[in-house]
Structure formats: C-alpha cells, structure tokens
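Colleague: After the sequence you'll find the predicted model.
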Amino acid sequence: PGREVRLRYAYYIKCVDVVKDPATGEVVELRCTYDPDTRGGDSPDGRKVKGTLHWVSCDHSLPATVRLYDRLFRVPNPDEAIAAGELKGALNPESLVTIEGSRIEPSVKNDLPGTRYQFERRGYFVSDVKDSSSNALVYNLTVGLRDTWAKKARESGARSRPESAEQRRKPRSAQPDGQAASKRATKPNELEPEAGSRSSRYTDELGLPRADARLIARDDAVAGFFEDAIRAHENPQHVAKWVVNEVLREVKKKPVWELPFGGAKLGALVALVDGGVISRSGAKLVFAEMLRAGGDPEDIVQRLGVGNEDDMKALEPLVDRLFSENQDKVAAYRAGRTGLLGFFVGQVLKASDGKADPKAVKELVGEKLAQTNE
C-alpha cells in the first residue's frame, strides 16, 4: 500500500487499501487509484516506478490451452543410455507440459491457426494449426526466452539449478504470459525517410516519447496539425498526448483535414488545461463540442460552464458527505495513514462519474483533510 507500479500498456496505479476475508485473512481485493496522465506507461513528470505488471482482464480474457516443450532427453548423450538399455530412464518426463486454463487477451480470438506471437517474459508461441479454433485456443511453445538468471549465475560463478516439476506447475507457469497480454511478434512499419527525420526531431528537440513521435510523424497531415497546435501553445509533450489519444482516434473515421477545427484550436484548448482554466475532464467535453461543430475553445468553455472553479464548488458537498460517511478513515488519516488520501480521491472521482479532474480533486481533498486535522 502506498507504492506505485506500472500496468503494462495502461497506467501507473497505487494501492491505497487491501481488503481481506475476515474469516481466512486471504486478500480478496486491492483498492487502487490510477494516474490518468500516465496512459501508455510513462509519467509526464519523469518519475519512475520499480515494477511493471503484465496483466489481462478477468472479465474479458479468454481461456486457452498452452503446451510447453522441453528437451526430449535428460542426458546430453542419449546414445549411451540406449546402448546401456536405459532409454526410458533417459527420457525427460517434462518434455511436454500441457497447461489448461491459461488466460489470454480477446483480440487473438479470430486469428488464423498458425499465427505466431511473443508471450511477454515467456517465449514465442504459435497457435496450433490442427487443434486451435476460436472456441478452443491452443498455443505451442516454439522458442523460450533467454534465461537471464542462468547468465547471471554463470557470471557470478554460481550454478543455476533447474526447476523441478512441482515448481513448473506453480501458478506463474499456469499462465504462460505471467498474466500478461500476448502480442504479435511482427516488426513495426518503417517510416519514410522524411517522416523518420521528422520523428527524430520530435523526439530529440521536442522531448516527445518515441512512440508518440512516430505516430504523429508518419502522416504529413497529422504532423502539420500537430505543428500548428504547438505554434499556438508551446507545450509539445502535452499537445502530443492530445493528438495521440484524442485526435488520432477521430482520424480513423475521417481525414484530419475534415475535422471542423485545426491544430491551432487544439493548441488553444490544451493551453486552457495547462493554465488551470478547465480540468482535463472538462476539456474532453469541450473537445467533443469542437468535434461536433468547431468553434473557439474559450467560447465553448463559457457556454458549457465547465471551468475549474465551478467544478470544485460542485464537488465540495460531495467531499463533505464522503468524510461524514467514512469518519473511521478520516480518523485513520489523522493518525498517520496518509495513503488513505488515494481512497478519498478515488471515491470522489467515482461519485463524479469520472468527470472531475483528478489533480484538482486531490488538492481539494487534501485541503479539506488538513482542515479536518486542525
């Protein structure tokens, strides 16, 4: 509790509470907050986390059968065993381990049999051309990933010990992806020379993450839209997030030049967020209106009444009610369990249907808890 980790391809999350079964003491639930600015796994403020969790959704992942292959013989020279009449004893009983009930992301359901993947941290797999179907997924190990522990052991002069059959059947092996999503082992498309040069400039000069730079740079029209936006508001990293997360989603439906607003208007919208005039959630409402009918972001803010000041006034009664209903947690916070701040913030965000700005909510809740302490 209180520590942050990265959910692979998602966000930074922080555990704020652990719920246990009162009868058995078994952990049944983790209550966490997430930082919406870390979508994709990077933090705008540069903070680092020590752990990355690979995962699939409990509700949406699919069951799969996984076959793990190992050496056929346990000895380096089976001919000697054959000559001595000890062939059976030389065979490796773990040469094939079939694991039922593994979980995999649903995007692979309709892939053709024979499709190849890398299951992260486990190895390369292929869907079985005879046995695998959309209703019964089966994957065979083709190449395991390099054993980095064995390499460390050699460097340190220690001897690495092979896993026993019991160890291999522990839950971490029961899910070949370590509860990770699988991804196709294909190379990304190469950029055209001009787009590649543009991508490098976005990364080296503007400080964009490489993935964002490539997404924006590969399309001339999108790149022009982005550059118009940063001319209007000189925060390329924040503007890039809006282009990647919001604009590119719309570009899948229509070309960027058919949007009812240009890059300069998007830059003006991001400037309102950076200036504290509106929250990120309020900005999304403004963005939706811009998609519908265009217009100036400042005018839309006034018309919709989504300014930060109005948002916070509306949230104050909600926070007061939350404190009243959770006096035990307020007392625990006063006693030093400051990690409960995340619990209160999460409850407020939930009650606001996700419309409130997390950073603004955190400030408001922190201020009110400080007042409570006094």
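Modeller: Happy to help now that I have it. Numbering: from 1, shown residues only.
Colleague: Can you find the helix or strand in this structure with the smallest mean pLDDT?
Modeller: In the chain, no helix or strand scores lower on mean pLDDT, DSSP states H and E than helix 171-174, which sits at a mean of 38.
Colleague: C-terminal to the helix or strand containing H238, what's the next element?
Modeller: Per DSSP states H and E, H238 falls inside helix 236-242. Following helix 236-242 in sequence order, the next helix or strand is helix 248-251 (DSSP H and E).
Colleague: Averaged pLDDT, that following helix. What do you get?
Modeller: Mean pLDDT, helix 248-251: 86.
Colleague: Then stretch 291-301?
Modeller: The average pLDDT for stretch 291-301 rounds to 88.
Colleague: Tell me how far that stretch lies from the chain's centre.
Modeller: When distances are taken as CA atoms, centre = their mean, to the nearest Å, stretch 291-301 is centred 31 Å away from the chain's centroid.
Colleague: Same question for stretch 294-304.
Modeller: In terms of CA atoms, centre = their mean, the centre of stretch 294-304 is set 32 Å apart from its chain centre.
Colleague: which regions of the stretch 251-374 of the chain lie under the pLDDT threshold?
Modeller: For the stretch 251-374 of the chain, the stretches flagged by pLDDT under 70 are 306-314, 351-360, 372-374.
Colleague: buried residues in stretch 229-240?
Modeller: For stretch 229-240, a neighbour-count test (16 or more other CB atoms under 10 Å) marks 229-230, 232-233, 235-236, 238-240 as buried. C-betas here are computed from N, CA, C, even on glycine.
Colleague: how many other residues sit next to R71?
Modeller: Per other CB atoms under 10 Å, the neighbour tally for R71 reads 12.
Colleague: For the residue nearest to it when sequence neighbours are not counted, give me its contacts.
Modeller: Using CB to CB, 6 or more residues apart in numbering and skipping residues adjacent in sequence, the residue nearest R71 is N92, 5.3 Å away. Shown in contact with N92 (CB atoms under 8 Å, 6 or more residues apart in numbering): 70-74.
Colleague: Can you list the low-confidence ranges for the stretch 1-150 of the chain?
Modeller: Applying pLDDT under 70 to the stretch 1-150 of the chain flags the ranges 146-150.
Colleague: Which residue ranges of it form helices?
Modeller: 78-83, 87-90, 148-156 (DSSP state H, counting those that start in this stretch).
Colleague: got the contact list for the shortest one?
Modeller: Outside helix 87-90, the residues that touch it by CB under 8 Å, 6+ apart are 73-75, 78, 81-82.
Colleague: Tell me which two of those sit farthest apart.
Modeller: Pairwise distances across those peak at 13.4 Å for R74 and I82 (criterion: CB to CB).
Colleague: Those two: who's more crowded?
Modeller: More crowded of R74 and I82, by other CB under 10 Å: R74, with 16 against 12.
Colleague: Name the nearest residue to that one, sequence neighbours excluded.
Modeller: N92 (4.6 Å).
Colleague: Give me the phi and psi angles of the one you found.
Modeller: Main-chain dihedrals, N92, degrees, to the nearest 10: phi -90, psi 110.
Colleague: Against V126, how distant is it?
Modeller: 21 Å (CB to CB, to the nearest Å).
Colleague: all strands of the stretch 151-300 of the chain, in order?
Modeller: Secondary structure of the stretch 151-300 of the chain by DSSP state E, counting those that start in this stretch: the strands cover 182-184.
Colleague: With adjacent residues omitted, what lies nearest to A271?
Modeller: H233 (4.1 Å).
Colleague: G275 versus the one you found, what's the distance?
Modeller: 9 Å.
Colleague: Now for D219: which residues touch it?
Modeller: 195, 251, 256.
Colleague: burial count for the closest residue to the second one other than its chain neighbours?
Modeller: With CB to CB, 6+ apart as the measure, V222 is the residue that lies nearest to V251, at 6.5 Å, once sequence neighbours are left out. Around V222 there are 21 other residues, counting by other CB under 10 Å.
Colleague: Looks like V222 contacts K252 (just checking).
Modeller: No: if you go by CB atoms under 8 Å, V222 and K252 don't touch, sitting 11.5 Å apart.
Colleague: what comes into contact with stretch 366-373?
Modeller: For stretch 366-373, the external contacting residues (CB under 8 Å, 6+ apart) are 316, 319-320, 323, 330, 333-334, 341, 344.
Colleague: hmm, try it at 7 Å
Modeller: With contact meaning CB atoms under 7 Å, 6 or more residues apart in numbering, stretch 366-373 is reached by 319, 323, 330, 333-334, 341.
Colleague: Which ChimeraX command selects the buried ones in those residues?
Modeller: With 16+ other CB under 10 Å as the criterion, this ChimeraX line picks the buried residues out of the contacts of stretch 366-373:
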select :319,323,330,333,341
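Colleague: Pull the most distant pair out of the contacts of stretch 366-373.
Modeller: V319 and R334 (15.9 Å).
Colleague: Can you tell me, leaving aside adjacent residues, what's nearest to V5?
Modeller: Per CB to CB, 6+ apart, closest to V5 is G51, 4.2 Å.
Colleague: What is the helix holding H238 packed up against?
Modeller: helix 220-232, helix 263-274 (3 or more CB pairs under 7 Å, 6 or more residues apart in numbering; DSSP states H and E).
Colleague: ok, and what's touching that helix?
Modeller: Helix 236-242 is contacted from outside by 44, 206-208, 212, 216, 226, 229-230, 233, 266-267, 270, 274, using CB under 7 Å, 6+ apart.
Colleague: Quick check: phi and psi on D111?
Modeller: Phi and psi for D111, reported as degrees, to the nearest 10, are phi -70, psi 150.
Colleague: what's the neighbour count on it?
Modeller: 15.
Colleague: That one and L68, how far apart?
Modeller: For D111 relative to L68 (CB to CB), the value is 20 Å.
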